[in-house]
Structure formats: C-alpha cells, structure tokens
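Asks: A structural model of the following input is requested.
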Amino acid sequence: MNTQTLSTNLNQLGNTLLRLERSDEGEDVYWQAIAADDTFAPPYRNLALLYQQQGNVDDAITMYQHYLALEPDDGEAHHNLALLYQGQGRQDEAFEAFEQAGTLLRPDDPETATNLGLGFYYRGQLEIAAMLYQEALELDENYLPARYHLGITNLYLGQFEESLAALEAVVAVEPDYPQARSNLGVAYNTAGFPEKAVAVFQNLLEEEPNYPTHWLNLAYAYQTADIKDDAIYVLDQVLRLTDAESVQAQKAHALLQTIQAEVTR
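Replies: A predicted model of the protein is given here:
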C-alpha cells in the first residue's frame with residue numbers, strides 16, 4: 001500500500017470516528033494520516049474543522065493554513081479561516097481571506113451565497129452583502145442563516161422595517177436561533193420601539209439573569225423610552241456582574257454618565 005492510499009484510508013477512518021462522536025480517536029487518526037503522507041490535504045481540513053468546532057482557534061487556524069497551502073482554491077476554507085481571524089481581531093488577515101473566498105465561492109446554493117455575503121458584510125460592503133442574502137433566500141426561502149444576516153445587515157443600512165421583518169421571521173420559526181432574539185431587541189430599540197425592546201430583554205433575563213449584555217441592552221431601551229430610574233438600576237446590575245475593565249462595564253459607565261447629565265439639566 002502506498003503512502004497516499006494509507007493516508008486516504010486513515011482519513012476516511014477519522015471521518016467515521018467523528019460520526020460516531022469519538023472525536024479524540026478521530027483526531028489521532030487524522031494525525032496518523034498526515035504522518036503517512038504530509039502532502040495529502042483532506043486530514044488538515046478535517047482537523048481544522050474539528051478544532052474550530054471545539055473552539056481551539058489557534059490550532060484551527062494553523063490547520064487551515066497548512067490545508068490551503070496544498071489546496072489554495074477552496075473558497076469555503078478561506079471563508080472559515082477569515083471568520084477565525086475576525087474573531088481574534090486580526091482584521092487585515094481576515095480581510096485578505098474574505099477577498100480570497102470571494103474570488104472562489106460561487107453563490108449557487110443558499111449556504112454559499114450566505115457565506116459570500118458574510119465576507120462582504122465584514123468588509124463593510126453592506127449593500128452587496130444584502131443582495132447575496134436575498135439571492136440565498138431566492139434559492140431557499142426557508143434558509144434561516146440568510147434571513148438572519150439579512151436582518152442584521154438591513155439594520156445597519158437603516159432599513160428598519162425590512163430588518164424587523166427578517167428578524168421577527170427568524171424568531172417566529174426558531175426562537176433559540178443564536179442571538180436572534182437579542183438582535184431583534186436591539187433592532188426594536190434602534191427603530192424607535194423601546195417598549196418592545198424592553199419586553200424582549202426582560203424575557204431573555206428571565207432565562208439568563210446573570211448575562212450582562214442583556215442587562216446593558218435593557219438599559220439602552222429604558223434610556224430610549226426615557227425611563228431613567230429603571231435605566232440607572234439596570235446599569236448598576238451590569239456593573240455588579242462585570243469586571244471593571246470589561247467592555248460592558250465601560251459602556252455602562254458611559255451610559256450612566258449620559259443619563260446623569262440628562263437628569264441634572
């Protein structure tokens with residue numbers, strides 16, 4: 001058996017082990033596949049996906065880099081790598097990876113169109129991103145990721161009616177879709193419906209009473225609704241739940257100063 005055949009067989013075994021939820025064994029087998037033939041690309045990609053799912057960002061980035069050195073025309077891998085860079089604040093590298101993905105991906109299915117739209121979104125080209133999300137929904141009107149990201153993008157474009165319609169549709173179908181209810185609350189407040197935003201964040205806090213971002217968003221909604229005493233109380237909760245150097249604490253202090261200045265006028 002030659003080395004590439006051995007590596008191919010080991011990679012397939014690793015895939016089987018992952019499907020059986022034996023990820024530690026699958027990881028070991030992928031490394032065996034690389035040891036058998038380090039020019040065979042698939043196990044690098046599989047390790048990258050595994051590490052990405054586990055939240056092991058540094059190792060996922062390393063594996064994507066190895067994989068793309070061997071398979072530079074994989075647009076989806078460039079896209080995944082860009083998201084990892086984005087999460088680490090490595091904006092220049094993320095921008096370059098999104099650019100690469102954009103030249104390689106073709107929006108011929110809803111997932112690809114949405115991923116391509118995300119690349120344009122993170123590069124600040126919101127109109128193109130929205131167009132691609134719409135294209136994804138034309139391919140499959142029930143594809144929730146496209147509708148969700150369309151709602152977020154429309155919010156930043158100031159298209160509040162369209163944003164609310166999209167996010168409400170996502171929440172109606174899947175209330176636990178990640179961040180959908182929270183972003184719907186933000187959209188309500190931004191669009192001038194603070195009472196609806198208050199209701200959203202109060203409901204979220206019933207489920208996650210110690211989540212400071214929900215408290216902070218509730219404070220913004222109270223401020224918009226001109227309910228200053230409740231906003232001040234809520235900001236105290238944010239400060240109680242967060243480290244003094246955290247982003248949430250800094251935003252809470254800034255909002256508290258703004259409200260106190262309004263009270264003393």
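
Asks: residue boundaries of the helices in the stretch 151-265 of the chain?
Replies: Under the criterion DSSP state H, counting those that start in this stretch, the stretch 151-265 of the chain contains helices at 160-173, 180-190, 194-207, 212-224, 228-241, 247-263.

Asks: now the fifth one: how far from the chain's centre is it?
Replies: Put simply, helix 228-241 sits 27 Å off its chain's centre (C-alpha atoms, centre = their mean, to the nearest Å).

Asks: picking up where we left off before, with distance to residue 73 and mean pLDDT added, can I get the helices of the stretch 151-265 of the chain in a markdown table?
Replies: Every C-beta, even on glycine, is put in place using the N, C-alpha and C of the backbone. Converted to a markdown table, those look like this (distance: least, C-beta to C-beta, whole Å; pLDDT from 0 to 100):
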| stretch | distance to residue 73 | mean pLDDT |
| --- | --- | --- |
| helix 160-173 | 33 | 97 |
| helix 180-190 | 34 | 97 |
| helix 194-207 | 42 | 96 |
| helix 212-224 | 39 | 96 |
| helix 228-241 | 47 | 94 |
| helix 247-263 | 38 | 89 |
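
Asks: could I get those helices as CSV with mean neighbour count and distance to residue 134?
Replies: Below are the helices of the stretch 151-265 of the chain laid out as CSV (neighbours: other C-beta atoms under 10 Å; distance: least, C-beta to C-beta, whole Å):
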stretch, mean neighbour count, distance to residue 134
helix 160-173, 18, 10
helix 180-190, 22, 18
helix 194-207, 17, 25
helix 212-224, 23, 28
helix 228-241, 18, 37
helix 247-263, 15, 32
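
Asks: Redo these as a markdown table? Include distance to residue 63.
Replies: As requested, those are arranged in a markdown table below (distance: least, C-beta to C-beta, whole Å):
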| stretch | distance to residue 63 |
| --- | --- |
| helix 160-173 | 32 |
| helix 180-190 | 30 |
| helix 194-207 | 35 |
| helix 212-224 | 31 |
| helix 228-241 | 36 |
| helix 247-263 | 30 |
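
Asks: do you know which of those helices lies nearest residue 94?
Replies: Closest to residue 94 of the helices of the stretch 151-265 of the chain is helix 247-263 (C-beta to C-beta; 19.4 Å).

Asks: Not counting that closest one itself, show me its contacts.
Replies: Helix 247-263 is contacted from outside by 212-213, 216, 219-220, 223, 228, 231-232, 235, 238-239, 241-243, using C-beta atoms under 8 Å, 6 or more residues apart in numbering.

Asks: Could you tell me the per-residue confidence at residue 1?
Replies: Listed pLDDT for residue 1 reads 59.

Asks: My guess is residue 118 contacts residue 149. True?
Replies: Yes - if you go by C-beta atoms under 8 Å, residue 118 and residue 149 touch, sitting 6.5 Å apart.

Asks: quick one: common contacting residues for the two?
Replies: What both residue 118 and residue 149 touch, as defined by C-beta under 8 Å, 6+ apart, is the set residue 129.

Asks: Now stretch 64-80: buried residues?
Replies: 64, 66, 67, 68, 74, 75, 77, 78, 79, 80 (16 or more other C-beta atoms under 10 Å).

Asks: mind listing what the first one touches?
Replies: To tie it back to what came earlier, the one meant is residue 64. Residue 64 touches 44, 45, 48, 77, 80, 81, 84, counting by C-beta under 8 Å, 6+ apart.

Asks: could you redo the last one with a cut-off of 10 Å?
Replies: 44-45, 47-49, 51-52, 74, 77-78, 80-82, 84-85, 97 (C-beta atoms under 10 Å, 6 or more residues apart in numbering).

Asks: and of those residues, the nearest to residue 129?
Replies: Checking those one by one against residue 129 (C-beta to C-beta), the nearest turns out to be residue 82, at 13.7 Å.
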